[in-house]
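Predicted model, plus sequence, below.
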Protein chains: 2
Amino acid sequence: MSKSHSLELTPIGIIHSLYKNMGDVPHQGYKSEEISQIEVFKEFEEGLKDIEGFSHIIVIYWFHKSRGYHLLVKTPWDESLHGLFTTRSPHRPCPLGLTVAELVAKEKNVLKVKGLDAIDGTPLLDIKPYVPSIDKKSVVKPGWFEGRLGKGRS
Amino acid sequence: MSKSHSLELTPIGIIHSLYKNMGDVPHQGYKSEEISQIEVFKEFEEGLKDIEGFSHIIVIYWFHKSRGYHLLVKTPWDESLHGLFTTRSPHRPCPLGLTVAELVAKEKNVLKVKGLDAIDGTPLLDIKPYVPSIDKKSVVKPGWFEGRLGKGRS
């Protein structure tokens, strides 16, 4: 693979939410009770079969309002500069967003979820099942986040 | 956003592993003790600052050997057809892979990790910190995976 080779993605859906701009998304949106709607385009609907059995799904999306990035960033939680890849900033070389959301309901090709901190109109790239034995880690050092998430602005 | 609009990504690194082909990756590679090396290209190295403090990282990569997909798929765990988006199959409309890996060591721009089930040469797209208060869910219904992961071929 050449380093300069670029890869192409085509969205499989679109996210509808109450957050109209990046500034509207709370820093701890994953705690929010707001319901977002994930519209999976009709042609992919069959791929949602059995999804009602899952309480949580991993949603991967495109930070479409992201413009450029810095490798060292300041977060809402402290005054230090942290490496970009230790933060959840939307401004990244590959602007991919990821949230583990709670699946509340499915209506045909639309999933209603809680805790998805994506803004309205966000292109949906993928949905994966959240499987505790694969995705949930027990002994975890959370780096500079340690003790900080209670101090956020939201 | 037009449905046909496609999005472009440029990899930020490359994954070196002992798995040379898709068939070499165990179905429960996330349990493996094998060490993989994530080479983050030099120009992004500064973005890894502070990452040593994290025991686990979320690695997002490109399933570069994936060719096409089916919306209903058979998995190694049972005989039923499941919706693609309830599986972790690498054959997806947007071939994005995701693993929560254990960070064992960092040497300059290279991260040594355990539990990363990506094959050698996989393009790296993003690294995010695994933060339990954001990513770890406690009350979880794991859909059709319930009771099945012990039955895998690996």
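Yes, it's here.

Tell me, how many residues neighbour residue A:112?
17 (other CB atoms under 10 Å in any protein chain shown). For the C-beta atoms, the positions are set from N, CA and C on the backbone; glycine is no exception.

how about it, what does it touch?
Residue A:112 is in contact with A:35-38, A:103-106, counting by CB atoms under 8 Å, 6 or more residues apart in numbering or on different chains.

Tell me which entries of those residues lie within helices.
Assigned to helices by DSSP state H, none of the contacts of residue A:112 qualify.

Show me just the buried residues among those residues.
Buried members of those, scored by 16 or more other CB atoms under 10 Å in any protein chain shown, are A:35-38, A:103, A:106.

Out of these, which is nearest to residue A:24?
The nearest member of those to residue A:24, counting by CB to CB, is residue A:36 at 12.3 Å.

Restricted to strands, list the buried ones among the contacts of residue A:112.
Judged by DSSP state E, strands contain the following of the buried ones among the contacts of residue A:112: A:35-38, A:103, A:106.

now the residues you listed as CSV including pLDDT and distance to residue A:24?
Listed next are these as CSV, based on pLDDT from 0 to 100; distance: CB to CB, whole Å:
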residue, pLDDT, distance to residue A:24
A:35, 94, 15
A:36, 96, 12
A:37, 98, 16
A:38, 98, 18
A:103, 97, 23
A:106, 97, 26
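
could the residues you listed be laid out in TSV, adding distance to residue B:59?
Listed next are these as TSV, based on distance: CB to CB, whole Å:
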residue	distance to residue B:59
A:35	30
A:36	25
A:37	29
A:38	23
A:103	24
A:106	29
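
So which helix or strand of chain A has the lowest pLDDT on average?
helix A:132-135 (a mean of 89; mean pLDDT, DSSP states H and E).

What residues of that helix count as buried?
Applying 16+ other CB under 10 Å to helix A:132-135 flags A:132, A:134-135 as buried.

In this structure residue A:119 contacts residue A:20, no?
Yes: in this structure residue A:119 lies within contact range of residue A:20 using CB atoms under 8 Å: 6.6 Å.

who's more crowded, these two?
Neighbour totals were compared for residue A:119 and residue A:20, and residue A:119 leads with 24 against 11 (other CB under 10 Å).

Touching, residue A:123 and residue B:7? I think so.
Yes: taking contacts as CB under 8 Å, residue A:123 lies within contact range of residue B:7: 6.9 Å.

Between these two, which contacts overlap?
A:11, A:62.

picking up where we left off before, adding distance to chain B, write the ones in strands among the buried ones among the contacts of residue A:112 out as CSV.
Formatted as CSV, those follow (distance: CB to the nearest CB, whole Å):
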residue, distance to chain B
A:35, 17
A:36, 16
A:37, 15
A:38, 10
A:103, 9
A:106, 10
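
so, if you compare the buried ones among the contacts of residue A:112, which one comes nearest to residue A:140?
Nearest member of the buried ones among the contacts of residue A:112 to residue A:140, counting by CB to CB, is residue A:103, at 23.8 Å.

residue contacts, that closest one?
A:51-52, A:54-57, A:111-113.

next one: phi and psi at residue A:111?
The phi/psi pair for residue A:111 (degrees, to the nearest 10) reads phi -110, psi 130.

Let me know whether it touches residue A:40 as I believe.
Yes: Residue A:111 is within contact range of residue A:40, at 7.0 Å (criterion: CB under 8 Å).

out of the two, which sits in the busier spot?
Taking neighbours as other CB under 10 Å, residue A:111 and residue A:40 compare with residue A:111 leading, 27 against 23.

How about the more buried one, nearest residue that isn't a chain neighbour?
Nearest-residue entry for residue A:111: residue A:38, 4.3 Å, with adjacent residues in sequence omitted and distances by CB to CB, 6 or more residues apart in numbering or on different chains.
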